[in-house]
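Asker: I'll drop the sequence and a predicted model, then ask my questions.
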Amino acid sequence: MNKLILIGFMGAGKSTVAADLAVRLNVPALEMDELIISRSGFGSIPEIFAAKGEAFFRDLESEVARTLAQQSNLIISSGGGVIGRPENMEQLKTNNGIVIFLRSTFATVISRNGDLTTRPLFRDGKLALTLFNERAPIYACWADITVDTDDRSIGEVCSEIVSGIESLACHPSP
Ligand code: S3P
């Protein structure tokens, strides 16, 4: 199977959808944030941001994207900021990667980001909204498939993704 790359803002549901898709499609799911944490030598993302700053985190994120370039048969749940560097997306898309944008309104991601301590860039609501508005068109631009997640169950979202992949296979882009 192709490599699937889930993108979207913090709280869009990437990890939950990746886990469900992994069961449906019988392929492993992988969390980029977990790979970043294990490379960093720290215990969590807030610790990385606090000790080394965002730039250090972003460099690790790019390193992880490079390690995933040649892989296939895998579902990748990315961090919401992965689209900040186009090179990250180029790396992730290498080897026939299909990019799936989980689209949500800001109200929905606010309601899902209960534990803000795990997301340094969500602690300030104003900053989060600015990031959301800046990123929305970038996610859309990279997406091969866009799926709305507001008021929809994980099952509905995953079914739409699977149909989207099937129709891409029937109508491959030039
Ligand atoms: C970030 C999103 C987080 C994590 C880090 C930065 C972002 O991942 O990578 O806190 O810039 O949007 P999730 O999208 O899984 O929360």
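Answerer: On my side now, so go ahead.

Asker: can you confirm residue 101 is in a strand?
Answerer: Yes: counting by DSSP: H, G, I helix; E, B strand; the rest coil, one finds residue 101 located in a strand.

Asker: residue contacts, the nearest residue to it once chain neighbours are set aside?
Answerer: Closest residue to residue 101 apart from its sequence neighbours, by C-beta to C-beta, 6 or more residues apart in numbering: residue 143 at 3.6 Å. Bear in mind the C-beta positions are built from the backbone N, C-alpha and C, glycine included. Applying C-beta atoms under 8 Å, 6 or more residues apart in numbering, we find residue 143 in contact with 7, 99-101.

Asker: Might you report the residue contacts of residue 4?
Answerer: Contacts of residue 4 (C-beta under 8 Å, 6+ apart): 21, 74-76, 97-98, 100, 161, 165.

Asker: Among the residues you listed, which one lies nearest to residue 154?
Answerer: residue 21 (9.3 Å; C-beta to C-beta).

Asker: what residues does the strand or helix carrying that closest one touch?
Answerer: Element membership for residue 21, per DSSP states H and E: helix 14-25. Among residues not part of helix 14-25, those counted as contacts by C-beta under 8 Å, 6+ apart are 1, 4, 6-8, 28-31, 75-78, 80, 102, 149, 154-155, 157-158, 161-162.

Asker: about what we covered before: next step: the contacts of residue 4 restricted to helices.
Answerer: Applying DSSP state H to the contacts of residue 4, the entries found in helices are 21, 161, 165.

Asker: Leaving out chain neighbours, which residue sits closest to the last one?
Answerer: In other words, residue 165. Residue 165 sits nearest to residue 98 (C-beta to C-beta, 6+ apart), 6.3 Å away.

Asker: how much space between that neighbour and the ligand?
Answerer: In this structure, residue 98 and the ligand are 19 Å apart, going by C-beta to the nearest ligand atom, to the nearest Å.

Asker: okay, now that residue: neighbour count?
Answerer: For residue 98, the count of nearby residues is 19 (other C-beta atoms under 10 Å).

Asker: quick one, what contacts it?
Answerer: 2-5, 144-145, 165, 168.

Asker: Now do the one helix or strand in the chain whose mean pLDDT sits lowest: which elements does it pack against?
Answerer: When each helix and strand of the chain is scored by mean pLDDT, DSSP states H and E, helix 106-112 comes last, with a mean of 92. When contacts are defined as 3 or more C-beta pairs under 8 Å, 6 or more residues apart in numbering; DSSP states H and E, helix 106-112 packs onto helix 125-142.
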